[in-house]
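**Student:** sequence unavailable; structure follows:
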């Protein structure tokens with residue numbers, strides 16, 4: 001009973017911080033036979049290896065948005081400016 005109360009209190013404290021769990025955005029999703037989905041795969045091959053033997057299929061994550069790398073600044077030495 002003490003463990004359950006501790007877990008409940010910990011969960012309430014975590015919720016009170018205003019942070020929430022957000023699924024990582026990856027380009028491939030596994031749709032499992034039992035109805036669940038996991039969009040946690042970088043490559044199609046990783047996804048297929050996961051569903052192999054347990055049933056399911058893989059498809060592109062339609063909500064995936066790759067991270068945009070920050071623009072690189074040219075160094076003064078390479079731009080010819082002194």
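**Tutor:** Received, thanks. Computed from a prediction, not measured in an experiment: that's the story for all the values here. Numbers count the residues shown, from 1 in each chain.

**Student:** buried stuff in the helix or strand hosting residue 31?
**Tutor:** Secondary structure from DSSP states H and E places residue 31 in strand 28-32. For strand 28-32, a neighbour-count test (16 or more other C-beta atoms under 10 Å) marks 28-31 as buried. Where you see a C-beta, it was placed from the backbone N, CA and C, and this is true even at glycine.

**Student:** contacts for that strand?
**Tutor:** 37-44, 46-47, 50-51, 54-61 (C-beta atoms under 8 Å, 6 or more residues apart in numbering).

**Student:** among those, which ones are buried?
**Tutor:** With burial judged by 16+ other C-beta under 10 Å, the buried subset of the contacts of strand 28-32 is 38-41, 47, 50-51, 56, 58, 61.

**Student:** mind putting those residues into a markdown table with distance to residue 69, secondary structure and pLDDT?
**Tutor:** Listed next are the buried ones among the contacts of strand 28-32 as a markdown table, based on distance: C-beta to C-beta, whole Å; DSSP: H, G, I helix; E, B strand; the rest coil; pLDDT from 0 to 100:
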| residue | distance to residue 69 | secondary structure | pLDDT |
| --- | --- | --- | --- |
| 38 | 26 | strand | 94 |
| 39 | 22 | strand | 95 |
| 40 | 22 | strand | 94 |
| 41 | 21 | strand | 97 |
| 47 | 24 | helix | 97 |
| 50 | 28 | helix | 96 |
| 51 | 31 | helix | 97 |
| 56 | 32 | strand | 96 |
| 58 | 26 | strand | 97 |
| 61 | 20 | coil | 96 |
